[in-house]
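In: Sharing a sequence plus its predicted fold:
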Amino acid sequence: MQIKELPPEFLDAKQVLQKIEQHGYQAYFVGGCVRDTLLHKELHDVDLATSAYPAEIKQIFPITIDTGIEHGTITVRYDRKSFEITTFRTESGYQDYRRPDQVTFVRSLKEDLQRRDFTINALAMTATGDVIDLFSGLRDLDQRLIKAVGDPEQRFQEDALRLMRAVRFGSQLDFCIEKQTLVAMYHKAALLEKISIERINAEFSKMMLGQTPMHGLEQMIKTKILQHIPVLSAYEPQLQQLISHVPAVRLKTNVEVWTLLAVALRLNSTKLKHLLRTWKNSNQLLNETVIATQAAQTMCQRELTAWELYQTGWVLLQQSAHVALLYRSTISLARLQKQYQKLPIKKRGELHINGKSLLKAGFTPGPHLGQVLEQLEKSVVAGELPNDTVALLKVAQKLNPKED
């Protein structure tokens, strides 16, 4: 099979492949970039693989960086651009169930491709667009299947993160997992406990942001993967209910992912923070998810007050509403936006008075300054007080505690 018109992302890298070939070595585009080109999807990375060993690549290109030379990866500077090139290799001895203990450089494309996870990722392509398919990846693409290369039990034994990658690709591509691969996942599910939560989280988040996240969750339950990941393993009945309730949901952000889970699992703020921290999420994601969850849980019951709209902010309001709509279909995003736009101010910085203003007016420094500002802020947001410096200062004077 030949791809006659390569996407523009390949054009610069094509020159690198051709230069390697001119020196007598094989060189190909490999992996996800070939798969996504065949599926007409947006490309993120263009991976290059070659029969040339790292030392030989250095002889061809004068400017190189040893990015991961122990695994055969070198960054080449060519025509003022950077390209990562990896030598064909075999791997063995995965004692930590993630990284190989030994990497051996080889000249054979087949040996390199057969170490990869799934047949749809074991495709290669020449600089002229000819697709090399040694493991029936094209057939599996056509049949929309996630199938392990070779022995699936061995593939998951080598790298247990592939368990999550299988459900992730299934969700992202809306593919099914091939029967024997699914059976092997069931047999090897416990190995996921060997993998860091950061790596599990990265794959889980991509799965939840895919085309069919509920199908991904269903496969995690079916293969017993869910039983071997922290915190969520205790919520299988609730996740089953979520799958039944919103089978076709599409999520747009990680905040929406965790907010949906928080609403579905009925987590309070303390339990939600514990979940997010256990899964090593950033403080920013944690804080935004807590705010969005509070708004979504409230929207499932009633309309938000002006102060709740203000505290949540428009960006998080949209994400909260997307989740809440799954549980309360009467929510109107247009109405929500109209209510938000009517707020006199959208953030404290828009308040026509601040700490400096109060100090200048004779207030003494101390925590009471913040308390006065918060009361003024709430009054303005509620429409009880105009956002006018003179009016605000007048009320502030009344709120200022008298000193003895």
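Out: Received, thanks. What you are looking at is a predicted structure, and each value in this text was computed from that prediction instead of being measured. Residues are numbered from 1 along each chain as shown.

In: okay, now the closest residue to Leu276 other than its chain neighbours: neighbour count?
Out: In this structure, Leu276 finds its nearest non-sequential neighbour in Leu286, 4.5 Å apart by Cβ to Cβ, 6 or more residues apart in numbering. (C-beta placed from N, C-alpha, C; glycine too.) Counted with other Cβ atoms under 10 Å, the neighbours of Leu286 add up to 17.

In: i'd like the first residue to be 34 from this point on
Out: In the new numbering, first residue 34, that becomes Leu319.

In: Now do the SS call for Leu319.
Out: helix (DSSP: H, G, I helix; E, B strand; the rest coil).

In: how about the strands of the stretch 184-333 of the chain, start to end?
Out: Taking DSSP state E, counting those that start in this stretch, the strands of the stretch 184-333 of the chain run over residues 209-210.

In: Next, please give the residue ranges for the helices of it.
Out: Assigned by DSSP state H, counting those that start in this stretch, the stretch 184-333 of the chain shows helices spanning 185-191, 195-206, 212-221, 230-241, 246-255, 269-278, 287-297, 302-311, 316-332.

In: element containing Phe116?
Out: strand 114-120 (DSSP states H and E).

In: one step back: which residues does the residue nearest to Leu309 contact?
Out: Contacts for Leu319 were tallied using Cβ atoms under 8 Å, 6 or more residues apart in numbering; they are Lys306, Leu309, Arg310.

In: mind checking how far the last one is from Pro400?
Out: Summarising the geometry, the distance separating Arg310 from Pro400, computed by Cβ to Cβ, to the nearest Å, is 28 Å.

In: Which one's more surrounded, those two?
Out: Between Arg310 and Pro400, counted using other Cβ under 10 Å, the more crowded position is Arg310 (12 against 7).

In: which residues touch that one?
Out: Counted by Cβ under 8 Å, 6+ apart, Arg310 has contacts Leu319.

In: same check, this time on Gln408
Out: Contact analysis of Gln408 by Cβ under 8 Å, 6+ apart lists Leu432.

In: picking up where we left off before, could you export the helices of the stretch 184-333 of the chain as JSON lines, including distance to Gly416?
Out: What follows is the helices of the stretch 184-333 of the chain, written out as JSON lines (distance: least, Cβ to Cβ, whole Å):
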{"stretch": "helix 185-191", "distance to Gly416": "60"}
{"stretch": "helix 195-206", "distance to Gly416": "45"}
{"stretch": "helix 212-221", "distance to Gly416": "57"}
{"stretch": "helix 230-241", "distance to Gly416": "39"}
{"stretch": "helix 246-255", "distance to Gly416": "40"}
{"stretch": "helix 269-278", "distance to Gly416": "37"}
{"stretch": "helix 287-297", "distance to Gly416": "29"}
{"stretch": "helix 302-311", "distance to Gly416": "28"}
{"stretch": "helix 316-332", "distance to Gly416": "20"}
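
In: Those: which one's closest to Arg68?
Out: Arg68 lies closest to helix 195-206 among the helices of the stretch 184-333 of the chain, at 8.6 Å (Cβ to Cβ).

In: Are there helices or strands packed against the closest one, and which ones?
Out: With contacts taken as 3 or more Cβ pairs under 8 Å, 6 or more residues apart in numbering; DSSP states H and E, helix 195-206 sits against strand 178-179, helix 185-191, strand 209-210, helix 212-221, helix 230-241, helix 246-255.

In: Dump these into TSV; add mean pLDDT as well.
Out: Shown next, in TSV, are those (pLDDT from 0 to 100):
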stretch	mean pLDDT
strand 178-179	98
helix 185-191	95
strand 209-210	96
helix 212-221	97
helix 230-241	97
helix 246-255	97
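
In: out of the ones you listed, nearest to Val423?
Out: The nearest among the helices and strands packed on helix 195-206, by Cβ to Cβ, is helix 230-241 at 50.0 Å.

In: name the helices or strands packed onto that closest one?
Out: Using 3+ Cβ pairs under 8 Å, 6+ apart, helix 230-241 is in contact with helix 195-206, helix 246-255, helix 287-297.

In: angle of the last one against helix 269-278?
Out: Okay, so that is helix 287-297. When axes from the mean of the first three to the mean of the last three Cα atoms, to 10 degrees is applied, the directions of helix 287-297 and helix 269-278 differ by 110 degrees.

In: Next: the second one.
Out: Orientation note: helix 246-255 sits at an angle of 150 degrees relative to helix 269-278 (the same axes, to 10 degrees).

In: Tell me where the model's unsure across the stretch 84-233 of the chain.
Out: 126-133 (pLDDT under 70).

In: which residues does Pro87 contact?
Out: Pro87 makes contact with Asp99, Ile102, Gly105, Ile107, Thr120, Phe138 under the criterion Cβ under 8 Å, 6+ apart.

In: can you do 7 Å?
Out: Contact partners of Pro87, counting by Cβ atoms under 7 Å, 6 or more residues apart in numbering, are Ile102, Gly105, Ile107, Thr120.

In: Cool, thanks, signing off.
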